[in-house]
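S.K.: sequence and predicted model, in that order:
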Amino acid sequence: MCRKSLLFMKLILGSLVLTVLSGGLAAAETLSLEEVVQGLQNVYEQTTDLKANFVQEVVMSSVNRQERSEGTVYYKPPHRMLWDYKKPAVKKLIVNPDKAYLYVPGERAVYVQETARLFKSQLIVRLLNGIGKVAEDFRIAFADSGVPTDGEGNYRLVMTPKKADLGVDKILVTLHRDDFTIIQCRFTDVYGNRTTVQFRNIKRNTQLSDKLFQFKPPAKTDVYPLP
């Protein structure tokens, strides 16, 4: 798999966790694991779109280098996403039901892939189509030997995919104690690269337009198809 394809999949993994865990369930007191899981499922099913600021840090194991990126992510099921990177360099990942585009202005390049190939994982397709069941697709537990929260009362979960579709062994997430909005997620890919994504200012169900996820390559931009 080429480097650009791997970048596509890392971005999708981050957005998948955001989508499943961008909650809205008030928690006046510590909940049981079953209550947390049901809350996640309820919120997921009620999410028609979302927008959030993100900070992504990736530690590349092969070169022991850390990369930090910041921007805004937009999501609208099914199969519509926009990752709008602002720092350290401008780039966009635009996904709609037909095509996925990685636009890198600094290279005057657009990398294009069929959405169906990008979402070849059956698990991802089910989740992004809004018919996935969290408890059916993941084994879920509290992250610290059954302790439900951290020192600030935020929920910490470990989600282990029941199938190998995602390319990760587990996803660690931290959810805000009051409204289940995601604070942080972490995962390590098959190459040993460690990714941490933090989300802030999450807004759900704001009636995002489908036009946000359309893209036409600018003039004098080279277009490179990906397998």
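M.R.: That came through fine. Because the structure is a prediction, the values reported are computed rather than measured.
S.K.: mind listing residues that contact stretch 206-213?
M.R.: Under the criterion CB atoms under 8 Å, 6 or more residues apart in numbering, residues 48, 49, 50, 51, 74, 76, 80, 81, 82, 94, 95, 96 lie in contact with stretch 206-213. Every C-beta, even on glycine, is put in place using the N, C-alpha and C of the backbone.
S.K.: so the second one sits right up against residue 81, yeah?
M.R.: No - the pair residue 49 and residue 81 fails to qualify as a contact (CB atoms under 8 Å) at a distance of 10.4 Å.
S.K.: so what sits against both of the two?
M.R.: 74, 75.
S.K.: quick check: which ranges of this structure have low pLDDT?
M.R.: Residue ranges of the chain with pLDDT under 70: 1-29, 119-133, 145-146, 165-166.
S.K.: swap in 50 and give it another go.
M.R.: Applying pLDDT under 50 to the chain flags residues 1, 20-28, 122, 131.
S.K.: what ranges do the helices span in it?
M.R.: In the chain, the helices defined using DSSP state H lie at 3-21, 33-46, 115-118, 122-128, 134-137.
S.K.: before we move on, back to that, of residue 49 and residue 81, who's got more company?
M.R.: residue 81 (24 against 18; other CB atoms under 10 Å).
S.K.: for the more buried one, which non-adjacent residue is closest in space?
M.R.: In this structure, residue 81 finds its nearest non-sequential neighbour in residue 95, 4.2 Å apart by CB to CB, 6 or more residues apart in numbering.
S.K.: for residue 118, same thing?
M.R.: Closest to residue 118 by CB to CB, 6+ apart is residue 100, at 4.7 Å.
S.K.: gap between the one you found and residue 35?
M.R.: For residue 100, the distance to residue 35 (CB to CB, to the nearest Å) stands at 36 Å.
S.K.: higher neighbour count, the two?
M.R.: Neighbour tally, residue 100 and residue 35, criterion other CB under 10 Å: the higher count belongs to residue 100, 24 against 13.
S.K.: so which residues of the protein form strands?
M.R.: Using DSSP state E, the strands found in the chain span residues 50-60, 65-76, 80-87, 91-95, 99-104, 109-114, 138-142, 155-161, 168-175, 182-189, 194-204, 222-225.
S.K.: just send the ones you listed back as CSV, with distance to residue 210 too.
M.R.: Converted to CSV, the strands of the chain look like this (distance: least, CB to CB, whole Å):
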stretch, distance to residue 210
strand 50-60, 14
strand 65-76, 7
strand 80-87, 7
strand 91-95, 12
strand 99-104, 14
strand 109-114, 19
strand 138-142, 29
strand 155-161, 30
strand 168-175, 29
strand 182-189, 24
strand 194-204, 17
strand 222-225, 22
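S.K.: which of these sits closest to residue 149?
M.R.: strand 155-161 (5.7 Å; CB to CB).
S.K.: return the set of buried residues in that closest one.
M.R.: 155, 156, 157, 158, 159, 161 (16 or more other CB atoms under 10 Å).
S.K.: tell me, how many neighbours does the closest residue to residue 92 other than its chain neighbours end up with?
M.R.: Nearest residue to residue 92 in three dimensions, chain neighbours excluded: residue 103, at 4.6 Å (CB to CB, 6+ apart). Using other CB under 10 Å, the number of residues around residue 103 comes to 21.
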